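# Please work out how this folds:
(chains A, B and C)
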Amino acid sequence: MKDDLVEQLMGDVLRKMGGDSAAPAAPAAPVAEAPAAPAPVKPCALTEFVGTAIGNTIGMVIANVDPLLHEQMGIDKKYRSIGIVGARTGAGPHIFAADEAVKATNSEVVLIELARDTEGGAGHGCLILFGAQDVSDARRAVEVTLSELDRTFGDVYGSSAGHLEFQYTARASFALNKAFGAPVGQAFGITVGAPAAIGVMLADTAAKAATVEAVGYASPAKGTSFSNEVIFTFSGDSGAVRQSIQAARDVGKQLLGTLDAAPLVSSTTPYI
Amino acid sequence: MKDDLVEQLMGDVLRKMGGDSAAPAAPAAPVAEAPAAPAPVKPCALTEFVGTAIGNTIGMVIANVDPLLHEQMGIDKKYRSIGIVGARTGAGPHIFAADEAVKATNSEVVLIELARDTEGGAGHGCLILFGAQDVSDARRAVEVTLSELDRTFGDVYGSSAGHLEFQYTARASFALNKAFGAPVGQAFGITVGAPAAIGVMLADTAAKAATVEAVGYASPAKGTSFSNEVIFTFSGDSGAVRQSIQAARDVGKQLLGTLDAAPLVSSTTPYI
Amino acid sequence: MKDDLVEQLMGDVLRKMGGDSAAPAAPAAPVAEAPAAPAPVKPCALTEFVGTAIGNTIGMVIANVDPLLHEQMGIDKKYRSIGIVGARTGAGPHIFAADEAVKATNSEVVLIELARDTEGGAGHGCLILFGAQDVSDARRAVEVTLSELDRTFGDVYGSSAGHLEFQYTARASFALNKAFGAPVGQAFGITVGAPAAIGVMLADTAAKAATVEAVGYASPAKGTSFSNEVIFTFSGDSGAVRQSIQAARDVGKQLLGTLDAAPLVSSTTPYI
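All right, here's what the predicted structure looks like:
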């Protein structure tokens, strides 16, 4: 057992037993989809650093990308500045947050890549790059994304056995179009279930609950990075999309609850 | 440290110390390939729910798949009903269990996908779909699969460092044919070692121990979902296949034992 | 909670509390990139076994690969003997160590495959095969690789939130050429950051810090096995390569430190 983990556990156990009032222990690795604390645990003096957020998310900005790197990344050279958002846990929350950022700023999403991560969980981590001609625009895009994450993690529910995720927007923009092929300007939602078997049931529930149009369906071997998820994406009338999500959420909680008795609580506060 | 984890640890520690006789703690995430408890921890009233099993496995059934979803999944429309089995931990055990299900029921395996999972371990999780024209057939296929898992996890041996898996059938059917290209009707076996280096040695041991025919060989970059495994599959005379597996199992336990001193015990009860 | 884990925790907690002086507990699974103990925890009498090392690494040798397996692996038949090195945690350290092995022995690297692993962490595990006509050469290659790992893990820094890795050689040989396309005979270095967002910043820092030539750039969806890393590889003048690495290392520690307050210490001893 690693010494620091033992010390942390000891501190936690003693504190719970009421036998110790030591300073709070260092934040530990989140279990499954339960994401890490939103505030940076240590200040950072680098001008490139923007901030951190839930899910072991970090945001940074590069004012002038080195030409060597620009070429390797294959990003259009007109974007002198890039905003960078990456996380160990979460992809849906970050893409929906980035969608708000492109609506609110003069920047574009130039790259969205999903790692197979979530720190031992069943899902993804992510890397999102914003391109801008001005560094202040790139920085602003990162700031907006980080600030939206508290909301977009609201319908993420995790346990030791898996997780559920639901996202909704009344008007999809270019980040959602790039990542999922969402029709720009329309209401758009996603249901995610892990293990993937639960995701299949969420998809069927959402499809039946209201009149929505299927945009896509991703599974462990198709459209995901081998994550243990089924992701169903759909658009339609705003009320219908919400209704589909709410029906799927209700079913998902019951199913995931059969594998782990711990109550399924929101990672932050539900918004749908 | 997450509060529920701390509380659970505290409960466990106190109980072990003899200072507490509280109700048993909630089941925690399995370590590596050691799978979760077989019974659903919470009842589920959904008619679609069939049951749970070892490995964070869940089984469900959809009587009439929504047409929207049917199209997205790319499954033949003649299968109005689908049975769904998915797990965080395990793929071999589930595929061999599904093979018994297709033998015993009027259903077909229409999809087998392997996620890169095992909850922080080195292997796969899985999603298996059965297609049937009648919902009772799909349900029965899921039930048989779930009931076989206790047996097919019998030669799965896990530690913090990796895992070993061995499977054997006297007569391969269509699930094994679909997943591994096993010749239908013949004896068929697999050896799996993680880290992958150990799997190479298992393959060589199996190939040398008896006269078997190689069916396939999968490694981290070819034929797996980037799992840290080497999987060797072979058919032949029933006695030869078993002999190869037993020789590989003996070698595998010695090798995996060099990385973690904890005894390598079966996840349930060995059957080969 | 698994009983053995509880017992181990209990032992550790009691020992830390000063209430117990039991024998040291069994080594536990490493947290993220912090690798496991280097010595085999249990002796192994198999002639094929060579040794173990940090990162749950195991080394073995097969004197005469079975023809059945040889064909399945797709390895040139002239290599009667193969050396096998595999690990749950680490790929860079193993490839740089293998590079020393091919310089020092009469063997070739015939295969390098990266699993998505690191035991719940953000990176890779690996499988490396050496081919030789004589078993003593294959064994020697494995021995050299294992012995180099203590050094090549020197600039691996892990926390619960991610990891940083830096590698440098004054003269790249055929293992680095095979894995990364490194120009043989030239100084060569890599920077790795996880979550991948941090790796982007390391790449930009390295590119700007000195006059180096980019060899490659890998990200979650391109060139990695969906790991949550960005890997930047470059060659050039020996002093320039080192200078780039040192600048990136300094920046990386500050950035990764914003996600987890635990100090970022070397897995062994820094060598660059």
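# Could you use CA atoms for every contact and neighbour count after this?
Fine.
# residues from the stretch 51-200 of chain A in reach of chain C?
Residues of the stretch 51-200 of chain A that fall close to chain C, judged by Cα under 8 Å from any Cα of the partner chain: A:52, A:56-60, A:62, A:65-66, A:68-69, A:72-73, A:84-88, A:113-117, A:119-121, A:125-128.
# Buried only: go through the residues you listed for me.
By neighbour count, with 16 or more other Cα atoms under 10 Å in any protein chain shown, those hold A:52, A:56-60, A:62, A:65-66, A:68-69, A:84-88, A:113-117, A:119-121, A:125-128 as buried.
# Of these, which belong to strands?
Judged by DSSP state E, these include A:52, A:57-60, A:62, A:84-87, A:113-116, A:125-128 as members of strands.
# Correct me if wrong: A:F153 contacts A:P93.
Yes. A:F153 is in contact with A:P93 according to Cα atoms under 8 Å; the separation is 5.6 Å.
# low-scoring stretches of the stretch 101-250 of chain A, by residue?
Across the stretch 101-250 of chain A, not a single residue meets the criterion (pLDDT under 70).
# ok, and of the ones in strands among the buried ones among the residues of the stretch 51-200 of chain A next to chain C, which contact chain B?
Contacts with chain B within these, as defined by Cα under 8 Å from any Cα: A:R116.
# Now the residue in chain A that chain C sits nearest to: phi and psi?
Nearest residue of chain A to chain C (Cα to the nearest Cα) works out as A:G120 at 4.1 Å. Dihedral pair for A:G120: phi 90, psi -10, per degrees, to the nearest 10.
# Buried residues of the helix or strand A:P93 falls within, list them for me.
With the criterion set as DSSP states H and E, the secondary-structure element containing A:P93 is helix A:92-104. Neighbour-count burial for helix A:92-104, with 16+ other Cα under 10 Å as criterion, is recorded at A:G92, A:P93, A:H94, A:I95, A:F96, A:A97, A:A98, A:D99, A:E100, A:A101, A:V102, A:K103.
# Out of the residues you listed, flag the one nearest to B:R80.
Checking those against B:R80 with Cα to Cα, the nearest one is A:G92 at 30.7 Å.
# residue contacts, the closest one?
With contacts taken as Cα atoms under 8 Å, 6 or more residues apart in numbering or on different chains, A:G92 has the following neighbours: A:E165, A:Q167.
# Just the pLDDT at it, thanks.
Reading off the per-residue confidence, A:G92 sits at a pLDDT of 97.
# distance of it from B:R242?
Computed as Cα to Cα, to the nearest Å, the A:G92 to B:R242 distance reads 46 Å.
# Identify the residues contacting A:L114.
A:A91, A:H124, A:G125, A:C126, A:L127, A:T224, A:S225, C:P220, C:A221, C:F226.
# let's go with 7 Å and repeat that
A:L114 makes contact with A:A91, A:H124, A:G125, A:C126, A:L127, A:S225, C:P220, C:A221 under the criterion Cα atoms under 7 Å, 6 or more residues apart in numbering or on different chains.
# Output those in a markdown table; the columns should cover distance to B:G236.
What follows is these, written out as a markdown table (distance: Cα to Cα, whole Å):
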| residue | distance to B:G236 |
| --- | --- |
| A:A91 | 46 |
| A:H124 | 40 |
| A:G125 | 43 |
| A:C126 | 45 |
| A:L127 | 47 |
| A:S225 | 35 |
| C:P220 | 41 |
| C:A221 | 40 |
